[in-house]
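Colleague: what follows is a predicted structure for the sequence shown.
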Protein chains: 2
Amino acid sequence: MFTLDSSETTNPSEPIARRVVRLLRHAIVTMRIRPGEKLSEQETAKRLGVSRQPVREAFIKLAEAGLVLILPQRGTLVVKISVAAVENARFIREAIECAVVREAVRRKDRDALDVARGVLDETARAIVTGDAERLFELDEEFHRALAAAAGRPDAWRVVEEQKAQMDRVRYLDMTDAIPMRIVLAQHLAILDAIEAGDAELAERELRAHLREILVSLPKLAARWPTLFEAPAAAAPTPTAGDA
Amino acid sequence: MFTLDSSETTNPSEPIARRVVRLLRHAIVTMRIRPGEKLSEQETAKRLGVSRQPVREAFIKLAEAGLVLILPQRGTLVVKISVAAVENARFIREAIECAVVREAVRRKDRDALDVARGVLDETARAIVTGDAERLFELDEEFHRALAAAAGRPDAWRVVEEQKAQMDRVRYLDMTDAIPMRIVLAQHLAILDAIEAGDAELAERELRAHLREILVSLPKLAARWPTLFEAPAAAAPTPTAGDA
DNA sequence: AAATTCATACTTCCATACTAGTGTTCCGAC
DNA sequence: GTCGGAACACTAGTATGGAAGTATGAATTT
């Protein structure tokens, strides 16, 4: 379930549809709406005090990001976390961000890199104060800053959509007291390498950073089996398993 | 302008909204709706004989693909071809497809690679018969087959959306009697390198293939200036140009 | 003549009504 | 008890009505 009617930043000029998207995405990523849970345009609209129309548009957007599954004439449900889907998203993200990092090295955009540096400074401060929500945002902002430094803001938009798949895993990892210090260290290593003009090193550091999720992923899947899609069994039918 | 009410494959079970998307995308890519042209939900709905609702959803999807621009309360228009946007899309596409090709080399999925080979065989035949529309599709199918061979069908979906930006340029290039034989040769070189297990070569061939558009792009922009977004001038105001 | 105001004709956005398809459940026949 | 079936309670998909905002142009004033 998810409450929320007018909390959050309720900018009156922002279109309702966009607000609903932000709302639902956040509720899904933080798992206030649990994986597998059923939604419906009608029900969601009533709960949020809006009409079905903007809710429907939000569902479509979330479906494109792979967070919900719309079954025509049947219903809409929050998809369970899929190890395969996370891996696929990670693959795409790694491909794009590697190219971004190399481009950032080539461009040497001092101002843009300073912005990224500033994000890491704030990250260090947020670690001290323990502001988990803010750390989430700062992680995102760092990667966005890299894309900006590469002169490819569009690339970040693509990564952002893929990242939605990984965000719930990140969230689980965070509740598990993830060592944000390690993430910061990796970010620093990437930025240092870029500023040093070492594309090879920057790419290696980035790959290492993005592959962190691969070690935590199976652990988390084992720990919260109800949140994850059951992996495709070797036997065709999951009920009857003959060896 | 664009006619079309029930031509195309008119599958009655397919949702109207999806059909409208396909329809409009095709009309835009083939420039039966010209870059810069104004659209409206009302007008388009009437022309297609459907209600505004599915048309609106189609507009939103096309806006996400960067083909149209929705100005709230003002109108919707087909965006002009932007050299910068095409270049950005190409960058993202190159990043993803390079990773795909390397993965395809790693996996050595014989069956999937045979499918890709089959696509190229048919391409050769289509060149003889001069079926331009089919060549368009086959180009797409080859790249999709590579993604399948890499076990990353999701990656193709992302590339597909980016490719929309490049499709109008491809279309112009085709009317300009593009040597499809060259494209086929490049495709063959890529596939040969993959089958030979040479990742480095496969990636080089792919990059060369995807960079072809960079040579034709400025020529086309100069040739059809009305179809292209005016490049950002060095001077702030485009009207007053002082040298 | 030039500038400003105001009515009008658009636009997208949101709300609501209706259609068609799906799953469930309860009732009855066997 | 088991199976079949029809009525019902949902769902998303589509159509349409109304509201808020914007550009346009004519009429009026300066």
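Modeller: Received it, and whenever you're ready, just let me know what you need.
Colleague: avg pLDDT for stretch A:148-160?
Modeller: Per-residue pLDDT over stretch A:148-160 has a mean of 98.
Colleague: try stretch A:81-90
Modeller: Here the average pLDDT along stretch A:81-90 is 97.
Colleague: what do you get for stretch A:164-172?
Modeller: 93.
Colleague: what's the neighbour count on A:G49?
Modeller: Residues lying near A:G49 (other CB atoms under 10 Å in any protein chain shown) number 9. For the C-beta atoms, the positions are set from N, CA and C on the backbone; glycine is no exception.
Colleague: can you give me the strands for chain A?
Modeller: A:38-39, A:68-71, A:75-78 (DSSP state E).
Colleague: is any part of the first one close to DNA strand C?
Modeller: No. Looking at strand A:38-39 against DNA strand C by CB under 7 Å from any atom of the strand, there are no contacts, and the closest approach is 10.8 Å.
Colleague: any idea how far A:E160 is from A:F142?
Modeller: 13 Å (CB to CB, to the nearest Å).
Colleague: give me the more crowded residue out of these two.
Modeller: Using other CB under 10 Å, the more surrounded residue of A:E160 and A:F142 is A:F142, with 23 against 16.
Colleague: leaving out sequence neighbours, find the closest residue to the more buried one.
Modeller: Excluding the flanking residues, the one nearest A:F142 by CB to CB, 6 or more residues apart in numbering or on different chains is A:V119, at 4.7 Å.
Colleague: surely the one you found and A:A145 touch.
Modeller: Yes. Checked against CB atoms under 8 Å, the pair A:V119 and A:A145 is within contact range at 5.6 Å.
Colleague: domains for chain A, by residue range?
Modeller: By the assignment in automatic domain parsing, chain A contains the domains A:16-78, A:83-223.
Colleague: what about A:V55, distance to DNA strand D?
Modeller: For A:V55, the distance to DNA strand D (CB to the nearest atom of the strand, to the nearest Å) stands at 9 Å.
Colleague: pLDDT at that residue, what is it?
Modeller: 98.
Colleague: wait, it touches A:E43, no?
Modeller: No. With contact defined as CB under 8 Å, A:V55 and A:E43 do not form a contacting pair (9.2 Å).
Colleague: neighbour count winner among the two?
Modeller: Neighbour count, other CB under 10 Å: between A:V55 and A:E43, A:V55 has more, with 26 against 13.
Colleague: how about the contacts made by that one?
Modeller: A:V20, A:E41, A:T44, A:A45, A:L48 (CB atoms under 8 Å, 6 or more residues apart in numbering or on different chains).
Colleague: residues contacting the fourth one?
Modeller: Listed by CB under 8 Å, 6+ apart, the contact set of A:A45 reads A:S51, A:R52, A:P54, A:V55.
Colleague: count the residues that sit near A:C98.
Modeller: 20.
Colleague: apart from its chain neighbours, what residue comes closest to it?
Modeller: Counting by CB to CB, 6+ apart, the residue nearest A:C98 is A:E203, at 5.2 Å.
Colleague: ok, now A:G75?
Modeller: In space, A:G75 is closest to A:K38, 5.8 Å off (CB to CB, 6+ apart).
Colleague: that neighbour contacts A:V79, correct?
Modeller: No. In terms of CB under 8 Å, A:K38 does not count as a neighbour of A:V79; the distance is 11.6 Å.
Colleague: so the residue nearest to A:G75 bridges to which residues?
Modeller: A:L77 (DSSP bridges).
Colleague: quick check: pLDDT value at the residue nearest to A:F142.
Modeller: 98.
Colleague: try A:T239
Modeller: The model's pLDDT for A:T239 equals 40.
Colleague: DNA strand D contacts on chain A?
Modeller: Checking chain A against DNA strand D by CB under 7 Å from any atom of the strand, the hits are A:39-43, A:52-53, A:56, A:59, A:70-76.
Colleague: of those, keep whichever come out buried.
Modeller: A:L39, A:E41, A:R56, A:F59, A:T76 (16 or more other CB atoms under 10 Å in any protein chain shown).
Colleague: enumerate every residue touching the third one.
Modeller: Which is A:R56. Going by CB under 8 Å, 6+ apart, the list of residues near A:R56 reads A:E41.
Colleague: and A:A132, how many neighbours?
Modeller: Quick note: A:A132 (other CB under 10 Å) scores 15 neighbours.
Colleague: quick one, helices of chain A?
Modeller: A:16-29, A:41-48, A:52-64, A:83-107, A:110-129, A:132-149, A:153-175, A:180-195, A:199-223 (DSSP state H).
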